[in-house]
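Chemist: Build me a model from this:
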Amino acid sequence: MQKAIGLLAIIVAGLCWSGCSTTATFTIKVNGYTDPGTPGLIRPGGTFCVIENQEAKNPLLDKEISGKITRLLETHGHAVTTFEKADYYLMFAYGMGEPRTVNVTTPDYYGGFGWGWGGGYGGWGGWGGPAVSIGIPWGGSVDSTTLYDRRLLIKVVEGPAYRTQKTSPPVWVGEAYSLGTSSDLRLVLNYLLVADFKEFGKNTGKAVTVEIKADSPEVYSLTH
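Modeler: Below you'll find the predicted structure:
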């Protein structure tokens, strides 16, 4: 029963993102990774060059994200410079999975409570999974909505090694993930970016929950 109530709370939080007021909270899972075999972490004040994906399906969106990453790097005390001078290169990828149908059943007065869960996701371009369903065995009305997986990955590599060898093991990798009703990836990426940078350069050891207010000043600064 406790697991079922917890799952219902997660779904309700996702639904609120599209329908609640601007005081709603956007919940994001962030995983930060560092390689113990690399010489060190990202140096304070180290300079960066943001690498755009030359094969992006929407190069204008890619350019927009690159600009927002530049702002966040500068906020964290890192100057953005040319390819030839950068201490680090930052690369990024993003995407949205297949929609998931969610059924939420509202019980009648004597309704009981039952639950079921189907989850999982595929590769980078094919997230999704079986539908999630909350059911009340003894009557009630059923509403359905659609949830979307939204993901952002940021990778940082050392500049000198990448320039000479055209490859370099990552110094830091940050993954940000959310599940919600908005299919506007351009909008949601603002929250994923802010969440990922809250753990920038850190090894989180596990997925940590980052909550961003819908009217967060940090998000506002990326869009104005």
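Chemist: At which residues are the strands of the protein located?
Modeler: 25-34, 48-51, 88-96, 100-106, 114-116, 132-135, 141-158, 170-180, 208-213 (DSSP state E).
Chemist: Going by mean pLDDT, which of those comes out lowest?
Modeler: Comparing mean pLDDT across these, the weakest is strand 114-116, with a mean of 34.
Chemist: Would you mind giving the strands of the chain as a markdown table with distance to residue 220 and mean neighbour count added?
Modeler: For every residue, glycine as well, the C-beta is placed using N, CA and C. Shown next, in a markdown table, are the strands of the chain (distance: least, Cβ to Cβ, whole Å; neighbours: other Cβ atoms under 10 Å):
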| stretch | distance to residue 220 | mean neighbour count |
| --- | --- | --- |
| strand 25-34 | 13 | 19 |
| strand 48-51 | 21 | 20 |
| strand 88-96 | 20 | 19 |
| strand 100-106 | 29 | 16 |
| strand 114-116 | 37 | 14 |
| strand 132-135 | 32 | 20 |
| strand 141-158 | 19 | 18 |
| strand 170-180 | 18 | 22 |
| strand 208-213 | 10 | 15 |
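Chemist: Now those strands in TSV, please, with extra columns for distance to residue 199.
Modeler: Formatted as TSV, the strands of the chain follow (distance: least, Cβ to Cβ, whole Å):
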stretch	distance to residue 199
strand 25-34	4
strand 48-51	17
strand 88-96	15
strand 100-106	26
strand 114-116	32
strand 132-135	27
strand 141-158	10
strand 170-180	6
strand 208-213	7
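Chemist: Looking at the ones you listed, which is nearest to residue 188?
Modeler: Of all these, strand 141-158 sits nearest to residue 188, with 4.7 Å by Cβ to Cβ.
Chemist: For residue 162, which residues are in contact?
Modeler: Each residue near residue 162 by Cβ atoms under 8 Å, 6 or more residues apart in numbering is listed here: 89, 168.
Chemist: That should have said residue 165, apologies.
Modeler: By Cβ under 8 Å, 6+ apart, the contact list for residue 165 is empty.
Chemist: What values do phi and psi take at residue 55?
Modeler: According to degrees, to the nearest 10, the main-chain angles of residue 55 amount to phi -110, psi 20.
Chemist: How many residues are close by it?
Modeler: The tally of other residues near residue 55 (other Cβ atoms under 10 Å) stands at 7.
Chemist: Fine by me, thanks again.
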